[in-house]
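[1] coords please:
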Amino acid sequence: RSLYLSEEEFEKTRKSREAQNAFYASMFSIVPFLIVGALCNCGVALSLGRSWAISVGILACMGCGVYELGRRNNN
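    Below is the predicted model of the structure:
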């Protein structure tokens, strides 16, 4: 709020700021799932070999995404 000269200017830009915040939140919400997928990829590559690593990593990312969609749907 300290960046705005008046309360009116702050309120006038509220809708665009909230839209921008929602966009950034949706973009950064996938980061934890990418990290989990990368960790699964490394773990499978070390244990089962390289041929399985990519497949299981993709499945882990998809599974986490489906879980998140289901969790959001229940709210």
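[2] helices or strands up against the lengthiest helix in the chain?
    When the chain is parsed with DSSP state H, its longest helix is helix 50-73. Helices and strands touching helix 50-73, as assessed by 3 or more Cβ pairs under 8 Å, 6 or more residues apart in numbering; DSSP states H and E, comprise helix 31-47. Just so you know, the C-beta spots here come from the backbone N, C-alpha and C atoms, and that holds for glycine as well.
[3] not counting sequence-adjacent ones, nearest residue to G37?
    Spatial nearest neighbour of G37, chain neighbours left out: C61 (3.8 Å); criterion: Cβ to Cβ, 6 or more residues apart in numbering.
[4] helix or strand with the lowest mean pLDDT in this protein?
    helix 7-12 (a mean of 79; mean pLDDT, DSSP states H and E).
[5] C-terminal to it, what's the next element?
    As assigned by DSSP states H and E, the chain's next helix or strand after helix 7-12 is helix 14-28.
[6] distance from the chain centre to that following helix, please.
    Mean-position distance between helix 14-28 and its chain equals 13 Å (Cα atoms, centre = their mean, to the nearest Å).
[7] list the buried residues in it.
    By 16 or more other Cβ atoms under 10 Å, helix 14-28 has no buried positions at all.
[8] could you dump the least confident helix or strand of the chain to CSV, C-alpha only?
    Extracted in CSV, the C-alpha atoms of helix 7-12 (Å, rounded to 0.1, in the frame of the first residue of the first chain):
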residue,chain,number,x,y,z
GLU,A,7,-6.6,4.8,-1.4
GLU,A,8,-8.6,5.4,-4.6
GLU,A,9,-5.6,4.4,-6.8
PHE,A,10,-5.0,1.3,-4.7
GLU,A,11,-8.7,0.2,-5.1
LYS,A,12,-8.7,1.0,-8.8
